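Visitor: Turn this into a model:
(chains A and B)
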Amino acid sequence: MTIPNKKGYFGGFGGCFVPEVLIPALKELSKAYGDARKDKKFIKELDLLLHHYAGRPTPLYFAKRLSQTLGSDTRVYLKREDLAHTGAHKINNTLGQVLLAKRMGKKRIIAETGAGQHGVATATAAAMMGFPCEVYMGEEDIGRQALNVFRMKLLGAKVISVVSGSRTLKDSINEAMRDWVTNVRTTYYVIGSVVGPEPYPRMVRDFQSVIGKETKRQIVQAEGRLPDYLVACVGGGSNSIGLFHPFYKTKAKFIGVEAAGLGVNTHKHAATLGKGRVGVLHGSKSYVLEDKFGQINIAHSISAGLDYPGVGPEHSFYKNTHRAKYVSITDKEAVNAFKMLSEIEGIIPALEPSHALAWVKKFAPTLSKNKIIVVCLSGRGDKDVDIIADYESHKRKI
Amino acid sequence: MNRIKEKFNLLKATNKKAFITFITAGDPSLSVTERLVLEMDRSGVDVVELGVPFSDPTADGPRIQASSMRSLKAGTTLAKILNLVKKIRKKSKIPLVLMTYYNPVYAYGIKKFARDAACAGVDGVIVPDLPPEEALELIKESRRFNLANIFLLAPTSTKERIKKVIQKGSGFIYYVSLTGVTGERKTIPPDLYKKLKEIKSLTRKPVAVGFGVSRAAQIKSILKKADGVIVGSALVGIIEKNSNRKTLYKEFNKKIDLFSKIIHFACKER
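Guide: Numbers count the residues shown, from 1 in each chain, chains lettered A, B, ... in the order given. This is a model prediction of the structure:
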């Protein structure tokens, strides 16, 4: 079976739900990407960039002290995407897409961003390859991710504040799509996750699959066998698909960790796969958080990168075929995991992968002996220190 | 016969062009929408598009976005809009088209939507984020209930796409005048005539032009090539500016009477 099929469907999920004006552009993109994938020169150029510029391969680090706290001889490895250039896995995708934009002869780059990591990674790739770059970011996110806003500006990008709707990631995607509809002939839209219309979900997955491919090699070298569990956080789902996909045909269990916010039984969460329904948002059919009339709900998570009411169609496919299990972790549990990793491993993780770490902390002690777990540490936590400080001082007041 | 088809046949026979309008249903309330539709019927509007609001309207500019939010805030739902159509149908035969995004239709259920819309008296459906390739089920169900499926074409559409949309579409072809979102513009894109000529050479189905259309000179010149124009944001703007009902009806009527005169007169001038 090939997933997705020719129309961009992963089982019943995916497709291409966009206004007519974008259809020719998506066909052009699909063809250009198809050609690039077969072009040895393109592949080599991207490989060199990933190696010399982004610092790949990233290490697969055995977290000895973390493992000791879990018992049962569980061995936890961290895939250190936080050590990639710009501090997160997002660079894998933006280098690929901006290189493709150059090949297609586009003149301008746009992107949306939630936590700002994708915005920074796009601005970085655009600066390095000489493109003007504009990044749409929700006003709410601009407030809570000031460091990344400043980084984007330093990189020469223009950050456009989005004031429509909930003023978070979902609305930045809306606004970026409106820009693309208007400037489609000259502009390349770099989508930051495995969402959007065909071919984006599979293209972003392919660029992020470098995470899983390296992990496979590295874990066999370290342990002589494949892991039992792969654990990663899921917002739109790019770092998790990047880790999971190369293991699709193996026996490794996939655990996708969504943000439960204040709890999945409140209205303040972002557990799209856990609590959502099938709908159509941002160009593809997948699980979404919506009311019974099909209006999209506002998601909530302490982590801006997971604060999204949609999810990539390939995850919906993994869920319905039971290839992956999707669980959720609250703001509070994520903050505790954030502090734990900082204290016992000397690594300050981003709040997004702190959700994956929290799951490991919670469930690893219940596992049988000698399990190997790989956690995708998708980004570093510098951007989140203000949020943690705020959270702590708020807690003290109560 | 479907009321949209009937209307275009009649217009053709009398050598006239179609005046098509868009307003968001439920902005500011469903009772105001009812009154505005009846006023449009009186004024000679040929087809009315009623917007079904969606929380994430990616093809719309700021004016219709704001209008959708006002409508949602007032508690408008697809079911309530279908009820409104039933009410209007008791008083008017004006062709009515629902324009919405796919998710509210999908959540309602496609089969149920086609049946309920047709029963209420809706004549056609426009779903801008649903290209013909993804619309197979909606087309199938719409045919069963004699609902027209109006698809969009854009300046970027290739000949292959134009043919596909012509083949799958019914009612009329909605030509999006520019690459962009809804909203008033000052000028007409330079490639408009060439594209309209290409489309008209491939079909006898009526072609109406929308997005960015609001000025008399624009309308007159578009109607040299097209079978109708669609005016939306300019009317939604009047609703936005007039929170007082009395002045709203007065201003709205003034505007549609003016457009009606320009559009129906434009044809006589030829």
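
Visitor: Tell me where the chain has strands.
Guide: Using chain A here. Remark: strands assigned in chain A by DSSP state E are A:9-10, A:13-14, A:60-62, A:75-80, A:108-113, A:133-138, A:158-162, A:187-190, A:229-233, A:253-261, A:277-281, A:284-288, A:324-330, A:372-377.

Visitor: You answered for a different chain; I wanted chain B.
Guide: Using DSSP E, strands in chain B cover B:18-24, B:47-51, B:96-99, B:124-126, B:148-150, B:152-153, B:173-176, B:207-210, B:228-231.

Visitor: Export these as a markdown table, with columns for distance to residue B:220 and mean neighbour count.
Guide: Every residue, glycine included, has its C-beta placed from N, CA and C. What follows is the strands of chain B, written out as a markdown table (distance: least, Cβ to Cβ, whole Å; neighbours: other Cβ atoms under 10 Å in any protein chain shown):
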| stretch | distance to residue B:220 | mean neighbour count |
| --- | --- | --- |
| strand B:18-24 | 13 | 27 |
| strand B:47-51 | 19 | 25 |
| strand B:96-99 | 24 | 25 |
| strand B:124-126 | 25 | 25 |
| strand B:148-150 | 24 | 23 |
| strand B:152-153 | 22 | 24 |
| strand B:173-176 | 17 | 26 |
| strand B:207-210 | 12 | 24 |
| strand B:228-231 | 10 | 25 |
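
Visitor: And those: which comes nearest residue A:79?
Guide: Smallest distance to residue A:79 across the strands of chain B (Cβ to Cβ): 44.1 Å, for strand B:152-153.

Visitor: Pull up the pairing partners for the closest one, direction included.
Guide: Counting by DSSP bridges, the strands paired with strand B:152-153 are strand B:173-176 (parallel).

Visitor: Spatially nearest residue to the residue in the stretch 51-200 of chain B positioned nearest to chain A (excluding sequence neighbours)?
Guide: Closest contact between the stretch 51-200 of chain B and chain A, by Cβ to the nearest Cβ, is at residue B:107 (2.9 Å). Distances taken as Cβ to Cβ, 6 or more residues apart in numbering or on different chains place residue A:294 nearest to residue B:107, at 2.9 Å, with adjacent residues excluded.

Visitor: one step back: quick one, which of the strands of chain A is nearest to residue A:348?
Guide: Proximity to residue A:348 (Cβ to Cβ) singles out strand A:372-377 among the strands of chain A, at 10.4 Å.

Visitor: got the contact list for residue A:228?
Guide: Residues counted as contacts of residue A:228 (Cβ atoms under 8 Å, 6 or more residues apart in numbering or on different chains) are A:252-253, A:371-373.

Visitor: Quick check, central residue of the chain?
Guide: No chain specified, so I'll use chain A. residue A:238 (3.5 Å; Cα atoms, centre = their mean).

Visitor: I was thinking of chain B, sorry if that wasn't clear
Guide: Central residue of chain B (Cα atoms, centre = their mean): residue B:49, at 3.7 Å.

Visitor: got a list of what that one touches?
Guide: B:20-23, B:97-99, B:126, B:230, B:232.

Visitor: So which bits of the stretch 101-250 of chain B are right by chain A?
Guide: B:101-108, B:128-131, B:133-134, B:151-158, B:161, B:165, B:176, B:179-181 (Cβ under 8 Å from any Cβ of the partner chain).

Visitor: Any of those buried? List them.
Guide: With neighbours counted using 16 or more other Cβ atoms under 10 Å in any protein chain shown, those contain these buried positions: B:101-108, B:128-131, B:134, B:151-157, B:161, B:165, B:176, B:179-181.

Visitor: Do you have the helices of the stretch 1-150 of chain B handy? List them.
Guide: B:3-13, B:30-43, B:62-73, B:78-89, B:102-108, B:110-120, B:136-144 (DSSP state H, counting those that start in this stretch).

Visitor: Out of these, which one sits most buried?
Guide: Mean neighbour counts were compared across the helices of the stretch 1-150 of chain B using mean count of other Cβ atoms under 10 Å in any protein chain shown; the top stretch is helix B:102-108, at a mean of 23.

Visitor: Low-confidence ranges, the stretch 51-200 of chain A, go.
Guide: The stretch 51-200 of chain A contains no residues with pLDDT under 70.

Visitor: what's the answer for chain B, then?
Guide: Per-residue confidence for chain B (pLDDT under 70) gives these ranges: B:266-270.

Visitor: What lies in contact with the longest helix along it?
Guide: When chain B is parsed with DSSP state H, its longest helix is helix B:245-268. Here helix B:245-268 makes contact (Cβ under 8 Å, 6+ apart) with B:15-19, B:21, B:32, B:35-36, B:39-40, B:43-45, B:216, B:219-220, B:223, B:228-229, B:231, B:234-235, B:238-239, B:241-242.

Visitor: Mind doing that once more with 6 Å?
Guide: Applying Cβ atoms under 6 Å, 6 or more residues apart in numbering or on different chains, the external contacts of helix B:245-268 come out as B:15-17, B:19, B:39-40, B:43-44, B:216, B:219-220, B:223, B:231, B:238, B:242.

Visitor: so which of those would you say is closest to chain A?
Guide: Using Cβ to the nearest Cβ, residue B:231 is the member of the contacts of helix B:245-268 that lies nearest chain A, at 19.2 Å.

Visitor: So residue A:274 sits against residue A:328, correct?
Guide: Yes - using Cβ atoms under 6 Å, residue A:274 is in contact with residue A:328, at 5.3 Å.

Visitor: what about these two, which has more around it?
Guide: Counted by other Cβ atoms under 10 Å in any protein chain shown, residue A:274 and residue A:328 do not tie: residue A:328 has more neighbours, with 26 against 19.

Visitor: Please tell me how far the residue lying closest to the more buried one once chain neighbours are set aside sits from residue A:369.
Guide: Nearest non-adjacent residue to residue A:328, counting by Cβ to Cβ, 6+ apart: residue A:260, 3.7 Å away. Relative to residue A:369, residue A:260 is positioned 29 Å away (Cβ to Cβ, to the nearest Å).

Visitor: try residue A:289
Guide: Note on residue A:289: its distance to residue A:369, by Cβ to Cβ, is 38 Å.

Visitor: More neighbours: which of these two?
Guide: Comparing residue A:289 with residue A:369 by other Cβ under 10 Å, the one with more neighbours is residue A:289, at 26 against 8.
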